[in-house]
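Asker: everything below, folded, please.
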Amino acid sequence: MEARQVNNGLIGLIVAVATIGGFMFGYDSGVINGTQKGIEAAFDLGRLGIGVNVGAILVGSSIGAFTAGRLADLIGRRNTMMLAAVLFIVSALLAGAAGSSAIFIIARIIGGLGVGAASVTSPVYISEVTPANVRGRLSSVQQVMIISGLTGAFVANFLVARYAGGSTAMFWAGYEAWRWMFWLQVIPAAIYFVALFFIPESPRYLVVRGRDAEAQGVLTRLFGPAEATRKVADIRASLSADQHKPRLSDLIDRTSGKIRPILWVGIGLAVFQQLVGINVVFYYGATLWEAVGFTEDNALQINILSGALSIGACLLTIALIDRIGRKPLLLIGSAGMTVTLATVAWAFSTSVPGASGTGVTLPGNAGVIALVAANLYVIFFNVSWGPVMWVMLGEMFPTQIRGSALAVSGFAQWIANAAIAVSFPSMVLSPGLSITYLLYTLAALVSFFFVKAMVQETRGRELEDMQG
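Answerer: Numbers count the residues shown, from 1 in each chain. Below you'll find the predicted structure:
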């Protein structure tokens, strides 16, 4: 393909719009971080109640991820993302207005449906419209936007809390600050919905649905007429011989009668990304740092620092992923996370009861060591498993099973996410922070050997050439 034939402007627009879904994914996941004092006071919640209210989004996310892959095969990638945008708006309005824990949980489940749908649909859509030689870096923009959404939520929470005098203080119109933290999410969600009208449907979806002429039109706009003709033929040839529409049963190998090995790899990548405990930082960061002696204001600022470092790490990934490949980045990340998580676990093992009789403090330099190690851990995650897992899930599966395999892998990812998020508040009390972080360390160590043994490099390969 000649470089001049590629419509970089249209590809850039598509990536920019599709990754707003990643921003919403991050914002909806991160907004809870600064609101926990507010919902705890408003709904009179204990440790388990906090875990359930925080983890409610993940119930919706697992359902959304599982259904979105199939839904994207039925109604299209773009329409599925539009539905996710609507769910984000409804969730934000309802969560901020919730008068009880039950209503709040329902609102967060609705938001989770949107998060799950965006998490699996945006990466596959981007992978299906971008050239193979730059697919990794363009798909990695999704993770940059996820972290930007998290950081945006952290900044919004910090500013609202700062001007209101605390997350539980009254803010505009006589409503508590924590409620406005949710309502502000309506703005980017509405932008996402409107922007989706300006991008085309995935040409691979159109071919699967028998709409070859429309697919040819989209591909012509993207790559020129000659390349469009070749790509339509390649997509058509990559589908199963009987040309049936994608279905969940395609995940079973017809020869062996067993689940396809490539699906197990996808599930493993999805689950290990969560078992290393990253979302403890993003969901409970403020609570965690307050628990070891930082003020609420300082804890919210640490969240912003972590978010900024994460964005920087993702930008490094964009520069490296199509040069050195996906697998090396995963191995580097697993090794780095193992060392930094072990350091955090050691620092928390030195904790002593706080002077006020509540919480704990880290003596000597242990607090600084914990803070530095935790942020290095965030960097290692976001230069590797954060973006690379989503890149690989969007590109590693054959065309026939891509939607279904993403549905199952995404479901597994969000179930693991939920298990970590709901269990963490109770694990802080028993077995304690040190043992909890040792468990995350073990997961990071095992993930290294999983990648080394099971994961195949996908750098530079056309989607139609993927096997499994």
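
Asker: all contacts plus neighbour counts: C-alpha atoms, from now on.
Answerer: Will do.

Asker: and for Ala342, nearest residue in space, chain neighbours not counted?
Answerer: Thr441 (5.8 Å; C-alpha to C-alpha, 6 or more residues apart in numbering).

Asker: roughly how far does that neighbour sit from Ile304?
Answerer: 24 Å (C-alpha to C-alpha, to the nearest Å).

Asker: so those two - more neighbours on which side?
Answerer: Thr441 (26 against 21; other C-alpha atoms under 10 Å).

Asker: which elements pack onto whichever helix or strand that one is part of?
Answerer: Assigned by DSSP states H and E, Thr441 belongs to helix 433-454. Under the contact criterion of 3 or more C-alpha pairs under 8 Å, 6 or more residues apart in numbering; DSSP states H and E, helix 433-454 touches helix 261-275, helix 326-349.

Asker: now the ones you listed as TSV including distance to Glu457?
Answerer: Output for the helices and strands packed on helix 433-454, formatted as TSV (distance: least, C-alpha to C-alpha, whole Å):
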stretch	distance to Glu457
helix 261-275	12
helix 326-349	6
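
Asker: Throw these into a markdown table and include distance to Ile50, mean neighbour count and mean pLDDT, thanks.
Answerer: What follows is the helices and strands packed on helix 433-454, written out as a markdown table (distance: least, C-alpha to C-alpha, whole Å; neighbours: other C-alpha atoms under 10 Å; pLDDT from 0 to 100):
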| stretch | distance to Ile50 | mean neighbour count | mean pLDDT |
| --- | --- | --- | --- |
| helix 261-275 | 20 | 22 | 94 |
| helix 326-349 | 22 | 22 | 94 |
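
Asker: ok, which of the ones you listed comes nearest Ser91?
Answerer: Nearest to Ser91 among the helices and strands packed on helix 433-454 is helix 261-275; the distance by C-alpha to C-alpha comes to 23.7 Å.

Asker: which residues does that closest one contact?
Answerer: Residues from elsewhere that reach helix 261-275, judged by C-alpha atoms under 8 Å, 6 or more residues apart in numbering: 251, 385-386, 389, 393, 397, 405, 408-410, 412-413, 416-417, 420, 440, 443-444, 447, 450, 454-455, 468.

Asker: apply 6 Å and report the result again.
Answerer: Ser409, Gln413, Ala416, Asn417, Ala443, Gly468 (C-alpha atoms under 6 Å, 6 or more residues apart in numbering).

Asker: how far off helix 326-349 does that helix point, in degrees?
Answerer: Counting by axes from the mean of the first three to the mean of the last three C-alpha atoms, to 10 degrees, helix 261-275 lies at 30 degrees to helix 326-349.

Asker: and the pLDDT for Val15?
Answerer: As predicted, Val15 sits at a pLDDT of 92.

Asker: over to Gly293?
Answerer: pLDDT at Gly293 comes out at 65.

Asker: still on that earlier bit, mean confidence score for the helix holding Thr441?
Answerer: On average, helix 433-454 scores 93.

Asker: buried stuff in that helix?
Answerer: 433-445, 447-448, 450-451 (16 or more other C-alpha atoms under 10 Å).

Asker: what about Gly460, neighbour count?
Answerer: Neighbours of Gly460 (other C-alpha under 10 Å): 15.

Asker: what do you get for Trp172?
Answerer: Trp172 has 11 nearby residues by other C-alpha under 10 Å.

Asker: show me what contacts Gly394?
Answerer: Pro123, Val124.

Asker: before we move on, back to that, which stretch among the helices and strands packed on helix 433-454 comes nearest Arg162?
Answerer: When the helices and strands packed on helix 433-454 are compared by C-alpha to C-alpha, helix 326-349 sits nearest Arg162, at 28.5 Å.

Asker: tell me the angle that closest one makes with helix 433-454.
Answerer: Going by the same axes, to 10 degrees, helix 326-349 makes 160 degrees with helix 433-454.

Asker: chain center to helix 326-349: distance?
Answerer: Distance of helix 326-349 from its chain centroid, counting by C-alpha atoms, centre = their mean, to the nearest Å, is 19 Å.

Asker: which helices and strands does it pack with?
Answerer: Of the remaining helices and strands, those touching helix 326-349 by 3 or more C-alpha pairs under 6 Å, 6 or more residues apart in numbering; DSSP states H and E are helix 366-382, helix 433-454.

Asker: so where do the strands sit in the stretch 1-150 of the chain?
Answerer: Shown for the stretch 1-150 of the chain, no strands are assigned by DSSP state E, counting those that start in this stretch.

Asker: where in it is pLDDT low?
Answerer: 1-4 (pLDDT under 70).

Asker: hmm, 80 instead?
Answerer: By pLDDT under 80, the low-scoring segments of the stretch 1-150 of the chain are 1-5, 33-34, 46-48, 51, 55, 69, 132.

Asker: buried subset of the contacts of helix 261-275?
Answerer: Ser409, Gln413, Ala416, Asn417, Ala443.

Asker: using pLDDT, spot the least trustworthy of those.
Answerer: Model confidence across the buried ones among the contacts of helix 261-275 bottoms out at Asn417, which has 83.

Asker: you'd agree it is in a strand?
Answerer: No: assignment of Asn417 by DSSP: H, G, I helix; E, B strand; the rest coil gives helix, placing it outside any strand.

Asker: who touches it in this structure?
Answerer: Asn417 neighbours (C-alpha under 6 Å, 6+ apart): Gln274.

Asker: 39 is where my numbering starts, stick with that
Answerer: Okay, residue one is now 39; in that scheme the one you just asked about reads as Asn455.

Asker: look at Lys269 and give its secondary structure.
Answerer: Lys269 ends up helix, using three-state DSSP.

Asker: of the buried ones among the contacts of helix 299-313, closest to Gly154?
Answerer: Among the buried ones among the contacts of helix 299-313, and counting by C-alpha to C-alpha, the member closest to Gly154 is Gln451, at 9.7 Å.

Asker: tell me the angle the helix or strand hosting that closest one makes with helix 471-492.
Answerer: Assigned by DSSP H and E, Gln451 falls within helix 440-465. Angle, helix 440-465 to helix 471-492, by the same axes, to 10 degrees: 160 degrees.

Asker: what comes up buried for helix 440-465?
Answerer: Buried residues in helix 440-465 (16+ other C-alpha under 10 Å): 440-463, 465.

Asker: give me the contacts around the strand or helix carrying Trp218.
Answerer: Assigned by DSSP H and E, Trp218 belongs to helix 215-221. Residues outside helix 215-221 that contact it (C-alpha under 6 Å, 6+ apart) are Thr73, Gly76, Ala130, Leu131, Gly134, Asn195, Ser205, Thr206, Ala207, Met208, Phe209.

Asker: which one is the second one nearest to, not counting chain neighbours?
Answerer: It refers to Gly76. Thr206 (4.9 Å).

Asker: am I right that the one you found sits in a strand?
Answerer: No: using three-state DSSP, the secondary structure at Thr206 is coil, not a strand.
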